[in-house]
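Trainee: Give me the fold of what follows.
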Amino acid sequence: MSGCVVKKIKLAVITPTHWAAFMGGAQYQTKCIIDELLKTGKYEITYFAHATDSSFRHPEYTVKPIGSRRPRIGYTGHAPQLYKMLVAFQPDVIYQRVACGYSGVAACYAKRNQSKMIWHVAHDGDVSPEKLDYGRNPIRRFLESASIKYAIRNTNAIVTQTNVQADLLKQNYGRTADAIVPNFHPLPQEACHKNATTTIVWVANIKRWKNPDAFIRLAERYQGRADLQFVMAGAAPKGNTDLIWYNHLLGRISELPNLTYLGQQSQNAINELLAKSHIFVNTSLYEGFANTFIQAWLREVPIISLHVNPDGVFNNEEIGFYTGSEDAMFERINQLISDPKLRDKMGLKAAEYACERHSAKNIGAIEQLMSG
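Mentor: Next up is the predicted model:
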């Protein structure tokens with residue numbers, strides 16, 4: 001007697017960009033989620049994204065590109081094509097991350113076709129209308145905003161990364177989050193071997209709101225300290241809009257012998273860098289929950305954060321410092337430089353915290369929404 005064949009859940013994953021084309025925080029978290037779901041053997045997954053790498057192949061799921069170019073009116077310009085692609089695939093569940101025109105299309109399909117849609121907040125800006133970057137085109141701004149509002153009203157479930165995002169969702173859109181699920185990472189594969197020279201790192205894709213200028217100013221304060229090494233890593237900005245600003249940054253970096261800019265690096269290379277580093281600095285003006293926080297903590301690196309303190313983590317845990325100003329940041333850096341025992345103690349606590357709070361077990365809450 002043959003065994004029963006269990007029908008797999010058809011899952012459509014929709015984001016503007018697949019990680020093989022560009023690796024940012026939202027892309028990496030989506031990758032982590034898919035990797036964990038594939039381990040269960042319960043899902044047939046198709047990934048829909050506009051920006052893809054045509055050479056990328058995965059043995060267990062398919063990537064489908066949406067549109068050959070990004071319309072001037074934004075991602076809502078892909079609505080007819082994306083909707084037809086969903087009709088062809090007929091998903092049981094849609095997982096959509098990053099607020100954009102695709103959010104509304106996915107919600108519309110799910111509502112009309114008895115599918116379940118989960119919208120996952122990728123960034124504080126997703127639930128803060130004033131922080132969303134719609135560009136200069138007024139038609140695009142209107143369509144993208146309308147699409148996001150429609151999605152929030154009509155999606156079956158909304159997941160936030162933090163309590164702050166859940167509060168913003170309620171305040172700005174009147175919707176209650178269905179789950180608060182912290183970002184997660186796989187446990188480190190590399191050993192932590194700290195450099196003899198105290199290494200202070202900054203990792204982010206180069207964007208104005210990531211505020212790399214503040215880290216350069218920090219390195220400038222330590223010129224002449226041969227015992228300190230400052231390192232930046234992250235992809236250059238895309239397009240010509242920020243080219244002059246970016247080139248100016250490169251010029252300032254080139255004048256500092258204590259500061260090295262590595263450019264874009266793979267996740268493995270970033271993890272290797274962190275495993276050798278002593279202090280991680282975040283200068284972003286705002287974030288969701290930065291993946292680099294988790295990567296650093298898992299590798300015993302305390303964090304100095306200039307503006308970002310998700311759910312007050314730095315107030316509640318001895319794993320780094322929230323400073324609020326560049327002068328205070330400088331003082332905390334001095335404290336950790338001059339007190340290696342405190343630095344090591346905070347690093348060990350950070351690793352313990354990250355293993356407990358940001359491990360792959362967090363996928364359970366998302367899976368429950370998909371199957372519940």
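Trainee: Would you state the helices of the stretch 201-350 of the chain in chain order?
Mentor: With helices called from DSSP state H, counting those that start in this stretch, the stretch 201-350 of the chain shows them at 212-221, 243-254, 267-275, 291-298, 313-316, 326-338, 340-357.
Trainee: tell me which residues of the last one are tucked away?
Mentor: By neighbour count on 16 or more other C-beta atoms under 10 Å, the buried set for helix 340-357 is 343, 346-347, 349-351, 353-354, 357. Every C-beta, even on glycine, is put in place using the N, C-alpha and C of the backbone.
Trainee: In this protein, where is pLDDT below threshold?
Mentor: Along the chain, the parts satisfying pLDDT under 70 run over 1-5, 131-136.
Trainee: do that again at 80, thanks
Mentor: Low-confidence segments of the chain, defined by pLDDT under 80: 1-6, 70, 130-137, 239-241, 288, 372.
Trainee: still on that earlier bit, can you tell me which of the buried residues of helix 340-357 is nearest Pro129?
Mentor: Proximity to Pro129 was ranked across these by C-beta to C-beta; first place goes to Arg357, at 29.1 Å.
Trainee: Can you tell me the SS state at the nearest residue to that closest one once chain neighbours are set aside?
Mentor: Of all residues beyond its chain neighbours, the one nearest Arg357 is Pro182 (5.8 Å), with distances taken as C-beta to C-beta, 6 or more residues apart in numbering. Secondary structure of Pro182, reduced to three states by DSSP: H, G, I helix; E, B strand; the rest coil: coil.
Trainee: Ok, Gln189 next?
Mentor: Using three-state DSSP, the structure places Gln189 in coil.
Trainee: check contacts around it.
Mentor: By C-beta atoms under 8 Å, 6 or more residues apart in numbering, the contact list for Gln189 reads Asn271.
Trainee: Going along the chain, name the strands of the stretch 1-150 of the chain.
Mentor: Taking DSSP state E, counting those that start in this stretch, the strands of the stretch 1-150 of the chain run over residues 9-14, 43-49, 61-65, 93-97, 116-120.
Trainee: Nearest to Thr30 among these would be which one?
Mentor: Using C-beta to C-beta as the measure, strand 93-97 is the one of the strands of the stretch 1-150 of the chain that comes nearest Thr30, at 5.5 Å.
Trainee: what helices or strands is that closest one leaning on?
Mentor: Under the contact definition 3 or more C-beta pairs under 8 Å, 6 or more residues apart in numbering; DSSP states H and E, strand 93-97 sits against strand 9-14, helix 25-40, helix 101-112, strand 116-120, helix 363-371.
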